[in-house]
Structure formats: structure tokens, C-alpha cells
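In: sequence unavailable; structure follows:
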């Protein structure tokens, strides 16, 4: 036990990693260059093998010399932040795992509103759960409505420019992006002012204000990212449940 | 040459490039101004966007972010005494004192002018020296290239952290990550659990952009989450009058400007050193110059413009300096230029003599974009001198989720139309973000991982080629003078820091 006293976990993790890497490289065997009939190629195993041995030596030296002191122990995640830290990791994992099936719009908006609201409330609080749920649903409904209007306008511009109903340049990537951006911008401005008026009767410190701010930021950021990457750069963002 | 220059000019003299560079410049200044967010992170986050643009435009965007972020770090350093990133650490002392004296406007304006001088001066060095150094690489065969990759990796590993073993371990870890994928000579799949993973996008190795975004973007979000959110500090309104330092005053500081320019450019061109070393050296040098000026210059450390000018010239001179080995040799001067090299490589452009010999128009385009990036940086920072301080009042709570999502989307978008690859990239960036967090928390330098990732492939390919050409003789690296020089440099770069640390410890 004294061997492990005051030791940091990372050098140990790297020691383990280098051992596993060594075993893996040996199990893989050495591959030769195509056309190396006369020999001379050191093979594909040599460098990874040397690397794993070097990593083991370096991490062993660090394991022995780099000890955990008080400054190190206090450098981790503060107790008050642990909930937010864990929440961020969990939400990030869910984001990656669900993106393919649920789609970009829903996952991105949910991640943003969840984290922004939790950070603004400085913790994960049980009494905020119902409010958060309502916020997620409300922001999703609004966002999907605005997204749908944006999509319709874009499709109309593309189709009408192809059919010659409107000038051709209006159907270009840049123009459809610009026009849709202006339109959804106006819609978001309306949502903002309506929300401000609706929630003005609540106390300034009420969590509903934080939720509104988080929801608004989430909706605007998600739609803006969608427009930039999908419409301007033609990146295939996963549609998922919002398939239109 | 004239034709190549005109072709280079044509690549950037269009509305799209100028627009993207303007956006990059403003984004860079904002990122630089936000404490905790670095130039490298900004460049990594913008990489996926640059990937969607023509090569010169994309590189212009990244350079604009880079120059903007280095310069923007002076804003919180001067107004709040908190450097936006380590590049502005030495600006704090005199900058904050100037603010307390009611000269915040002049300090901010002086910092912009100094950054501009530093950026343009180092650009001249870049234009003069990078083609010459690239020409030297004509004499490089596989053996020389192997030892060049080794020296780049070892230097950055040995100087970029407090503990040399941590740097070397990170360099080796980066190389290990670079070896994942497919053997370059036999096409053998080299991923663990090959039965499963060889059928996935991981069979061709880790995506560089996603890895960089994870290491610099996502890890920073986790890192910032360790401590309780601090409420933004109030910033006093700034008097806009007298933003420009008097021309006579600037001329009187010529010695400080030249010494800081030289220090920044030289330090920047040494792989792994970076701006945080250059700014202190320039600050020290300026201190000596002002002390021996017989009262002609204001003393550094007393809230003088000289104390702001020196580090700000130096940190922007690092940008051009760091690009010299990056463009000429493919060895980045700092982490941000490592990401820039990554962006070039994704575009199929390999830095080195080949680039100078076959694509001189792109080289000129890069030089020109560097010039435009510096002009935009100065222009937008001066125009927004009253607006940028407002960014300091944006709470972290709103910024961190946005950075997280931008990082994820950046990693995903690099796959373009391939959604499956995009999802894998999301996973890679998250895993690398968590690894990056653990490493940062324990004070392990990240830059050597990036170097290992970029140089690992070059090292392996040239190593095997060199040994094969020598008929299996491993001593081939000790028979060529250039190789011996590089091996000597590698040994020195490991031994000297160890000796210097021991000496310091004894003292």
C-alpha cells in the first residue's frame, strides 16, 4: 500500500496503457513492405514496440518522482461543481450516442438548454427538474416551428429559382442562407420580445428567467449552427426525428 | 515568380476571403479577450469551417483567428489585470497600472499598434527566411527527414512543460496515436479489436481535426468547470480620446521595438517555446533599455507604454516566427501552428520544400493572408476598442455550453456528407476531450501530443524508407552530417533543460 501512497493516477494509467500497447503490438506481428523480397525493411512492429517500451520507462519515472501534494489534491473538481461536471459528461455522452437516431436539432437544443440552465442555476437542483422539462419541450416546439418555416422558405427559393419564377441568383447557397437567416432572425426577435413580456411579472431572481435565457440561447445557437453548416457548407447534419 | 505572386494574390483578393478573414479576426479578438480561451483553441474550433473553404481562404481564416487571439489577450490584461491567455502575461503589470492612471484607452491603442508592428515585422522575417530554409531541405533524404521529425518532437517535448518526462511521454503518446490506423507500407490494419474496428472509420486512424478539437476545445470546457463560476468583473468605461500613442513616442521606443521584434521572431521560430517565454524576455529587455535611457523613456513597471509595447510586439512577432519552421520544414513553432499544419495537411498540402517548389502561389497567398490578418486585427481591435471590453461581462455559464457544442459540431462537420464518420468523430472528440482534461489537470503539456500526431507518420515512413534504402543498416542515421546535427540537437534539447533545472534546484 505504501507504494501507492501519494501517487498520481495518470502515470499508473500510462504504465498500464504501455503494457497493453506492447502486448497488442507483439500480437499483431510485424508486417513487411510490399515488394520487400530482398529484405531491409525494419517492419511495422519495431517503432510501436520501441514506443511502448519508452512510454513504460517514462511513466514509471513519473510514477516514482511525481507525487501528489496538497496543491494537487485541491486542484481537482471542487465539491460544489461536481454535479455540474458529472452532468456535462453524461449529457455529452448522451449527445454523441443519440445524435444518429434523434437528430441534430433535438439533441443540440436539449444539450444547450440543459447545460446553460444548470450552469446558471449553479448546480443540479431537484426543484428545477419540472421547470427544466417544460423548458426543453417549449424550446423544442418553438425551434422546430421556426426551423420548419426556414426549411419551407429555403425549398421555395431553390425550386422557384430553378423554375425561373424568381431570379436564379436567389436560389444560390449564399442567398438562400442569407434570406433564411434574416427571416428566422425576425422570428427569434419576436419570440424574444414575447418571452420578455410574458415573464416580466416574475421576480428578477426567479429561475424562470434563467430558463428563458437558456432556452433562447439554445434555440438561436442551434438554428444558426444548422444554417451555417447545413445550408452554407452543405454538411449532412443528421435529421433524425425531425426528418423534413 | 511574378506570376506566382499574382496567382497568390488572386487566391485571396476576393470578397469571400476578405469576409471570412474579417469574421476570423473578430472571433479571434473575442476569443483572445476571454480569459481561459487560447489562440490554439480558437484555431482548432475554426478548422472545420476552414475545411469547407478554398485552401487560401481557409488558411486566411485560421491566421486571422490566430493573430486576433494573440492580440486580443491584451484587453483583459490591461483592463482587469487578467491575461486572456499566457501570451499577455507580461502585459498585465504596466497595462493595469495605466488603466489605474486613467490611461486605459492609450494602453489598449498602444497594444494594438505594438501587435501590428510585431505581426508585420515577423511577417518580413517569414517572407525572407522560410524560402531559404525550405531550400535547405532539398539536401534531405529519408534519414535526414527522420531525424528532423525527431528533433522537432524532442525539442517541443522538452521545453513545453515543467517536467521533461511529462513532455516526452506526451510526445510518445501522440506518436502512438499517429500509428493507429493502417500501416503505410503494408496496409495492415493497426487498431485494437481489429475484428470490430477495422469495419469502422477508425480503421484509417484517428481523425486529426476531431482529436485536436477534443484536446483543445472540449477539454477546456471540463477544465473550466472545476471551479465555481466567478461573476464577471465590472469594467470601467474607457475614454476613447488619445487611443493612438503619439508618433514621437513610438519612434523614441525604437530600441524596445527592435529588440522585442527580434526576441519574438527568434523565440517563435524555435519549436515548442511559444509566446509566453518571448513576452517575459522582451519585457526584461525593455526594462534594461528604459533603465539605461537616462530618463528619455518611462521606466517599465511604472505603468508605462514601454511596458505594454514590449510584450505586445513580442507576442505578435511569435506568430510570424512560428510559421517559419512550420512552412519551411513542417515542424510547427507552437501548438497553434501545429493545428495550422494539420489544416494544411487535411487540404493535401504538405509543408516543406515541395510546397515552395510546386505551389509557390499558395505560399504567396499565405504570406498575403498573414499581412491582411494583421491589418484586420489592428483595424477591428481599434474600431471595437470600446465594445470588446463588454465581452468581459459575458458570464462563463453562457459561454461554456456554446464552446462545447461548437467543438462537437466542428468535429462532426469535418466529415461533410458522411454521417457515420461524423458520429465517430464526435466520439473521438469527446474521448480526447476527457483525456485532455485529465492531462491538463495533472500539468501534462498538450502540444507534444499534437506534434507526435503530426510528425509520427512522417517519422515512421522516413525511418523505414531510410533503413530499407541502407539495406537494413540502422546505423545509417549516424553516417550523415545533417542527421548527426539533428541527433546532437535532440540530445542537447533533452540534456540542457535537465542540467538547468538541476542547477536551479541546487541554487
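Out: Now that the structure is in, tell me what you want to look at. Keep in mind it's a predicted model, so treat the numbers as computed, not measured. Residues are numbered from 1 along each chain as shown, chains lettered A, B, ... in the order given.
In: state the pLDDT value of the closest residue to residue A:65 other than its chain neighbours.
Out: Setting aside the residues directly before and after it, residue A:65 is nearest to residue B:165 in space (C-beta to C-beta, 6 or more residues apart in numbering or on different chains), at 7.5 Å. All C-beta spots, glycine's among them, are computed from the backbone N, C-alpha and C. In this model, residue B:165 is scored at 90, pLDDT.
In: can you report how many residues lie near residue B:165?
Out: Neighbourhood size, residue B:165 [other C-beta atoms under 10 Å in any protein chain shown]: 21.
In: so which helix or strand takes in residue B:299?
Out: Using DSSP states H and E, residue B:299 is not contained in any helix or strand.
In: any idea which element the residue of chain A positioned farthest from its centre lies in?
Out: The outermost residue of chain A, judged against the average C-alpha position, is residue A:38 (50.6 Å), by C-alpha atoms, centre = their mean. Using DSSP H and E, residue A:38 sits in no helix or strand.
In: can you pull the contacts of residue 96?
Out: Went with chain A since none was named. Counting by C-beta atoms under 8 Å, 6 or more residues apart in numbering or on different chains, residue A:96 touches B:408, B:423, B:426, B:427, B:430.
In: please refer instead to chain B.
Out: Applying C-beta under 8 Å, 6+ apart, the residues near residue B:96 are B:77, B:78, B:79, B:80, B:81, B:303.
In: quick one, what contacts the first one?
Out: To tie it back to what came earlier, the one meant is residue B:77. B:83, B:84, B:88, B:89, B:91, B:92, B:95, B:96.
In: give the closest residue to the fifth one in space, chain neighbours not counted.
Out: Pointing back at residue B:91 there. Using C-beta to C-beta, 6+ apart, the nearest residue to residue B:91 is residue B:77, at 4.3 Å.
In: can you tell me the helix or strand for that neighbour?
Out: Under the assignment here (DSSP H and E), residue B:77 is part of helix B:74-79.
In: run the chain-centre distance for stretch B:216-231.
Out: Distance of stretch B:216-231 from its chain centroid, counting by C-alpha atoms, centre = their mean, to the nearest Å, is 21 Å.
In: does it come close to chain A?
Out: Yes: contact of stretch B:216-231 with chain A is found when judged by C-beta under 8 Å from any C-beta of the partner chain, involving B:218, B:221, B:222, B:225, B:226, B:227, B:228, B:229.
In: PyMOL command to pick out the buried ones of those?
Out: Applying 16 or more other C-beta atoms under 10 Å in any protein chain shown to the residues of stretch B:216-231 next to chain A, the buried members can be selected in PyMOL as follows:
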select buried, chain B and resi 218+221+222+225+226+229
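In: among the residues of stretch B:216-231 next to chain A, which pair sits farthest apart?
Out: Across these, the longest distance by C-beta to C-beta is 20.7 Å; it joins B:218 and B:228.
In: contact partners of the strand or helix carrying residue A:222?
Out: In this structure, residue A:222 sits in helix A:207-226 according to DSSP H and E. If you take C-beta under 8 Å, 6+ apart as the criterion, helix A:207-226 is touched by A:104-105, A:108-110, A:112-113, A:116-117, A:120-121, A:128, A:131-132, A:134-135, A:138-139, A:142-143, A:146-147, A:150, A:181, A:184, A:188, A:191-192, A:195, A:199, A:202, A:237, B:398, B:401-402, B:405-406, B:409.
In: from the residues you listed, list the buried ones, please.
Out: Buried subset of the contacts of helix A:207-226 (neighbour count, 16+ other C-beta under 10 Å): A:104-105, A:108-110, A:112-113, A:116-117, A:120-121, A:128, A:131-132, A:135, A:138-139, A:142-143, A:146-147, A:150, A:181, A:184, A:188, A:191, A:195, A:237, B:401-402, B:405-406, B:409.
In: so where's the chain shaky on pLDDT?
Out: Because you didn't say which chain, this covers chain A. A:1-5, A:75 (pLDDT under 70).
In: my question was about chain B, not that one.
Out: For chain B, the ranges with pLDDT under 70 are B:1-2, B:159-161, B:233-241, B:272-274.
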